[in-house]
Every structure is written in C-alpha cells, then in structure tokens.
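**Student:** Predicted model follows, preceded by the sequence.
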There are 2 protein chains.
Amino acid sequence: MKFEKEKKDCLSKIDKSKKGSIDKKIKKLVELINLLKDYYTTSSCSGRILLIKRPKSGKKCDVGFLFESHNKVSFEEIKVCLKNIPEQDLWFRQESMILHVACRTIENAQKILDISSMAGFKHSGIITTRKKIVVEIIGSEQFDTIIAKHGKLFVGDEYLRLLVNEANKKLGINSRKIKKFYDLIKSLKD
Amino acid sequence: MKFEKEKKDCLSKIDKSKKGSIDKKIKKLVELINLLKDYYTTSSCSGRILLIKRPKSGKKCDVGFLFESHNKVSFEEIKVCLKNIPEQDLWFRQESMILHVACRTIENAQKILDISSMAGFKHSGIITTRKKIVVEIIGSEQFDTIIAKHGKLFVGDEYLRLLVNEANKKLGINSRKIKKFYDLIKSLKD
C-alpha cells in the first residue's frame, strides 16, 4: 500500500510551481496518467518559449524570467520585452515537454520509457530509484542561445525573427508528440 | 556470467564512432570505469563544439558536421568554416560530456547516478533496463542555435564571438566536472 499512499499524498498536495497549476496543453495527459494504477505525475511542463535572465552565480534559484509562453509566440511579443535589457546574461530558450512520472516498479518504469520513445520523447530516463522510482520524459525539441550581455543586445530583428520561427516550429513538433503520447497511453488504459 | 561476457564482448569490439577512438579528455575516466567489476562503458564523448548541417528531413543519419572540436575553439577557427555557407540549416552547438555506462544491477545504476549528480552531471538517468541496464551521464553545460538558413548567414562577427566565448566557458565547466567525476569514481575503486 506504500505506492497508493504516496500517490494519494502527492496528488492532494498544493501545486508548488510558479504557475500554480498544470498547463492547459498537458492537463488531459497528466490526468490520464494519474488514472493508471501504477503511475502518477510529480511535475509537468508542456514545453515553452522563454527569455531567461541568468545571473553570474549560475544558481538556479537566482534565475529570472523576462518572458514565458506555453504557446507559439510572435516576434512582436518578444521584441516588446527587449525594450529594457537587463544587466544579467539574457538567453532565448525553447523547451520541450518535461514530465516526471513516479512508477510502482522498474518494469512499469521501463514500459513508460518504451511508450515515451515510441511517441518521440527520446531523451527520457529513470532519474531515481531511491525513495521513489521516477521517470523523466523529455524530447529533443529544444534549443537556447544567449542574446544579451552586460545590458547590451547582441541580436538584430532579422535574427530574432529566425529564433522565433525555429522555436515555434519546434513547439509545434512537440505538441504533436504530446498528442501521440496521449494516444499511446490511452490505448494502454483501454 | 552473462554480464562478464557482455562486458568482454563490448570492450573487444571495434570502435564504431565516426572518430574511431575515445576522446583524449575522457580516456582515463573511461578506462577507470571499465576497471570496475559492475560497470562498463558503451559509448562516450568528452563534450564538443560543432557546426552542424541539419537537412529538412530532420533524420539523424542525414546530419553532417561542418566543424567539430573537443577543445576550446577560437573565433577564427569557426569563421574560416563559414566561407561557404551550405543550403541546409546550419547550427552552432556546444555539447556536454555524454557517457553511456552498462551496469550489472539497478542498485549499481543508482550508485553511478548518485556519483554523477555529485559531480554535477544532473541530467543523468537510466535509459534502458531491457537487454542491458544502461545509465546515460550528461550535464547541463550545453546550448545550440541556428546561425544560417537557405545559404544565408544570419549572425555577424560580434555575435559569433559571443557564441564562441559562451561555448568555451561551458566546455571549461564541463572539463572540471569530468575531473570531479573521475576523482569520485576513483575513491569508489580505492
């Protein structure tokens, strides 16, 4: 009954993420996984486009977002955020879906790894087997680059448009993989 | 004796990588891991800086390298490669160390995951438990961005210098992590 108790405790907890709720784009998938008896999700992000301030300390807790979107973005949306360039290093970043799934057994973990791979989330793995068995599911649709340093912007509009286009394209591929993953999980349940 | 046989078979195989040999920067670490009775490496890269041609197909096998270095690079080295811009999408990319380690048991896999995390390779995980148990050890020191499309270069010298500086800085952090990982593995052996 240990797994059942942990699942119940985890799913009844208040959402501690900055956003405070599950992304709309991934909510159905998360709910579907949480209906399966051998799995539950511990954290999730559907994929996003970001402008990140990275301080010299390099510490994760010191990182700040100048912009964040879980949907495709326009050049104008990004451009307007670049009116005041911060002193810290500024990175343009597009991230894949990331999902942490606690699994009852190693066999269950392997099964969801297989499904992740079939859906195209090829960078997945079991990240711990200590207190819980947790699989991280993540795709290769992501990239990031520095765009400003010491308060100076290093990229022009033309290049920024290229970055936005690439990020939107990859976010589209990522969405199709989420859909495929959902269908595969659903067939597992039926 | 299954694990011993697989280890012997794997280590006696011809190196199938493009390079055909283990990177100098990681050779000592790979040899050290292969001395441990519960582990052996199946593939390795010490980290690198690349110019990659990515065809529309998106297929991994169609990807070509315009430039590859396992060491820090100069702006001039990169610049000279950009005299003739290919038609395919061209990406500037810096990669962390990546190491695939086959482990005798899940407990052995968890142990090397713990050590990886201590050394700073936080993106590690068990990628399969099917035929073999394999841990992928990888760090967060990596980034990539598109720099040319349809035969047109989208970045100027100033921005290219910034990319080169960032890549060199991250490759330096990556090298220090490899050293730390080596020391931790060594203490395990002693």
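**Tutor:** Yep, that arrived. Residues are numbered from 1 along each chain as shown, chains lettered A, B, ... in the order given.

**Student:** how about the strands of chain A, start to end?
**Tutor:** Remark: strands assigned in chain A by DSSP state E are A:39-45, A:48-54, A:64-69, A:89-95, A:98-103, A:125-128, A:133-138, A:143-149, A:152-153.

**Student:** For the fourth one, list every residue counted as buried.
**Tutor:** In this case it means strand A:89-95. For strand A:89-95, burial by neighbour count (16 or more other CB atoms under 10 Å in any protein chain shown) applies to A:89-95. C-beta: built from backbone N, CA, C; applies to glycine.

**Student:** For the strands of chain A, please prepare JSON lines with the additional fields mean pLDDT and distance to chain B.
**Tutor:** Output for the strands of chain A, formatted as JSON lines (pLDDT from 0 to 100; distance: least, CB to the nearest CB, whole Å):
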{"stretch": "strand A:39-45", "mean pLDDT": "95", "distance to chain B": "15"}
{"stretch": "strand A:48-54", "mean pLDDT": "95", "distance to chain B": "11"}
{"stretch": "strand A:64-69", "mean pLDDT": "94", "distance to chain B": "17"}
{"stretch": "strand A:89-95", "mean pLDDT": "97", "distance to chain B": "8"}
{"stretch": "strand A:98-103", "mean pLDDT": "97", "distance to chain B": "11"}
{"stretch": "strand A:125-128", "mean pLDDT": "97", "distance to chain B": "2"}
{"stretch": "strand A:133-138", "mean pLDDT": "98", "distance to chain B": "6"}
{"stretch": "strand A:143-149", "mean pLDDT": "97", "distance to chain B": "3"}
{"stretch": "strand A:152-153", "mean pLDDT": "96", "distance to chain B": "10"}
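
**Student:** Any chance of a markdown table for the ones you listed, columns distance to B:Arg54?
**Tutor:** As requested, the strands of chain A are exported to a markdown table (distance: least, CB to CB, whole Å):
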| stretch | distance to B:Arg54 |
| --- | --- |
| strand A:39-45 | 25 |
| strand A:48-54 | 20 |
| strand A:64-69 | 24 |
| strand A:89-95 | 15 |
| strand A:98-103 | 23 |
| strand A:125-128 | 24 |
| strand A:133-138 | 20 |
| strand A:143-149 | 11 |
| strand A:152-153 | 26 |
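
**Student:** A:Val80: which of these is closest?
**Tutor:** Closest approach to A:Val80 among those (CB to CB): strand A:64-69, 9.0 Å.

**Student:** The closest one pairs with which strands?
**Tutor:** strand A:48-54 (antiparallel) (DSSP bridges).

**Student:** Out of the strands of chain A, flag the one nearest B:Tyr182.
**Tutor:** strand A:125-128 (22.3 Å).

**Student:** which helices and strands sit right next to that closest one?
**Tutor:** helix A:106-119, strand A:133-138, helix B:106-119, strand B:125-128 (3 or more CB pairs under 8 Å, 6 or more residues apart in numbering or on different chains; DSSP states H and E).

**Student:** 7 Å instead, please
**Tutor:** Contacts defined by 3 or more CB pairs under 7 Å, 6 or more residues apart in numbering or on different chains; DSSP states H and E place strand A:125-128 against strand A:133-138, strand B:125-128.

**Student:** closest to B:Val164 out of the ones you listed?
**Tutor:** Ranked by CB to CB, the member of those that lies closest to B:Val164 is strand A:133-138, at 27.7 Å.

**Student:** Within the sheet, what are the partner strands of the closest one, with directions?
**Tutor:** With DSSP bridges as the test, strand A:133-138 pairs up with strand A:98-103 (antiparallel), strand A:125-128 (antiparallel).

**Student:** Tell me the confidence at the closest residue in space to A:Gln94 that isn't next to it in sequence?
**Tutor:** Distance criterion CB to CB, 6 or more residues apart in numbering or on different chains; nearest residue to A:Gln94, sequence neighbours excluded, is A:Ala167 at 3.8 Å. Predicted confidence (pLDDT) for A:Ala167: 98.

**Student:** Neighbours of the closest residue to A:Leu32 other than its chain neighbours, how many?
**Tutor:** With sequence-adjacent residues excluded and distances taken as CB to CB, 6+ apart, A:Leu32 is closest to A:Ile185, at 5.5 Å. The local packing of A:Ile185 (other CB atoms under 10 Å in any protein chain shown) involves 19 other residues.

**Student:** just checking, A:Ile185 touches A:Ser116?
**Tutor:** No. Contact criterion CB atoms under 7 Å: A:Ile185 and A:Ser116 do not qualify, at 9.8 Å.

**Student:** Quick check: the gap between A:Phe92 and A:Ile173.
**Tutor:** 18 Å (CB to CB, to the nearest Å).
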